[in-house]
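Visitor: Starting from these lines, generate the structure:
(one chain, ligands or ions: 1)
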Amino acid sequence: MGLGGSGPTHNYSRPMRIVVLTGAGISAESGVPTFRDSDGLWEGHHVEEVATPEGYDADPVLVHEFYDARRRALQKVEPNPAHDALARLEQAVGEDLVVVTQNIDDLHERAGSHHVVHMHGELLSALCRACGSRHCWDGDLSGRPACPGCGVRELRPDVVWFGEMPHEMERIYRAIDDADLFVSVGTSGAVYPAAGFVIEARAHGVQTLELNLEPSEGTAFFDEARHGRAGVLVPAWVNELLTRL
Ligand code: APR
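Guide: Numbers count the residues shown, from 1 in each chain. So this is what the prediction gives:
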């Protein structure tokens with residue numbers, strides 16, 4: 001289905017499967033910093049220090065303190081109109097919308113989205129390096145708490161670092177291949193595999209739309225690109241879509 005399809009207003013009676021990929025830009029207006037600032041640092045750190053298994057092995061205390069601070073900061077932010085709009089879209093189309101996020105925050109869920117794939121993991125989860133179990137976690141990890149599963153003090157942030165495999169790739173590719181529309185929101189298109197999703201979508205005849213503050217690295221691959229703040233562009237796009245369904 002094309003972007004400009006017409007149909008019964010406010011009556012979701014025909015299938016339109018949508019995959020929305022989100023990145024740091026969707027949470028920027030909530031006050032969560034993006035990754036690729038002009039200084040190339042993430043909150044004052046080189047990405048290799050805090051977002052690689054090697055960085056963790058070299059200085060686990062630094063890495064734990066870094067993610068503990070990010071986890072605490074989550075409590076001070078709220079979803080913004082872009083997260084709200086995607087939750088509203090899910091209310092209208094149900095499981096036909098899948099949000100695939102690169103973000104480790106929980107702002108999509110707090111806005112009311114249920115079908116969210118966290119391909120880069122979640123801040124509010126801890127992964128045990130000893131037994132491989134995962135646990136909901138809203139406290140600090142720097143005190144090296146015991147794993148609730150096996151008791152060993154080897155919990156690490158349950159986030160996907162560079163060099164590690166993102167989660168649920170099969171499910172994501174299946175959703176993209178079967179979609180009618182792929183939308184990318186607030187991502188620089190600098191990090192694979194997510195940066196390649198637009199190519200996958202095109203190869204399967206899926207319509208593609210970019211909503212980003214500025215042209216992403218992959219902007220030329222999209223059928224359509226709109227540039228501006230996610231808090232404005234996403235609600236406007238959702239309103240537009242809902243009047244066409
Ligand atoms: N509205 C829309 N887009 C915005 C906004 C906004 N208010 N603010 C910033 N952006 C855009 C930026 O222009 C940029 O293109 O969001 C994008 C953010 O890009 P990155 O900081 O590179 O974030 P992201 O694409 O999510 O990074 C991907 O890289 O470091 C890893 O694992 C980390 O998941 C992350 C991945």
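
Visitor: Okay, and the residue nearest to Cys131 when sequence neighbours are not counted sits in which element?
Guide: Among residues not flanking Cys131 along the chain, Cys150 sits closest, at 4.0 Å (Cβ to Cβ, 6 or more residues apart in numbering). C-beta coordinates here come from the backbone N, C-alpha and C atoms, glycine included. Element membership for Cys150, per DSSP states H and E: none, as it lies in no helix or strand.

Visitor: so what's Cys150 up against?
Guide: Counting by Cβ atoms under 8 Å, 6 or more residues apart in numbering, Cys150 makes contact with 128, 130-131, 133.

Visitor: What segments of the chain are strands?
Guide: When secondary structure is read from DSSP state E, the chain shows strands at 18-22, 97-101, 116-118, 121-128, 134-136, 155-159, 181-185, 207-212, 224-227.

Visitor: Go through the ones you listed and name the closest to Leu245.
Guide: Closest of the strands of the chain to Leu245 is strand 18-22, at 10.2 Å (criterion: Cβ to Cβ).

Visitor: Please state the offset of that closest one from the chain centre?
Guide: 9 Å (Cα atoms, centre = their mean, to the nearest Å).

Visitor: What pairs with it, parallel or antiparallel?
Guide: Its sheet considered, strand 18-22 pairs with strand 97-101 (parallel), strand 181-185 (parallel) by DSSP bridges.

Visitor: could you give the angle of the last one to strand 207-212?
Guide: What that stands for is strand 181-185. 10 degrees (axes from the mean of the first three to the mean of the last three Cα atoms, to 10 degrees).

Visitor: ok, now the first one?
Guide: With the same axes, to 10 degrees applied, the angle from strand 97-101 to strand 207-212 works out at 50 degrees.

Visitor: residues making contact with strand 97-101?
Guide: In contact with strand 97-101 (Cβ under 8 Å, 6+ apart) are residues 17-23, 26, 86, 89-90, 108, 113, 115-120, 172, 175, 194, 197.

Visitor: Write the ChimeraX selection for whichever of those are buried.
Guide: To isolate the buried members of the contacts of strand 97-101 in ChimeraX, using 16 or more other Cβ atoms under 10 Å:
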select :17,18,19,20,21,22,23,26,86,89,90,108,113,116,117,118,119,120,172,175,194,197
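
Visitor: ok so, going back, going by distance to Arg244, which of the contacts of Cys150 wins?
Guide: Ser133 (44.5 Å).
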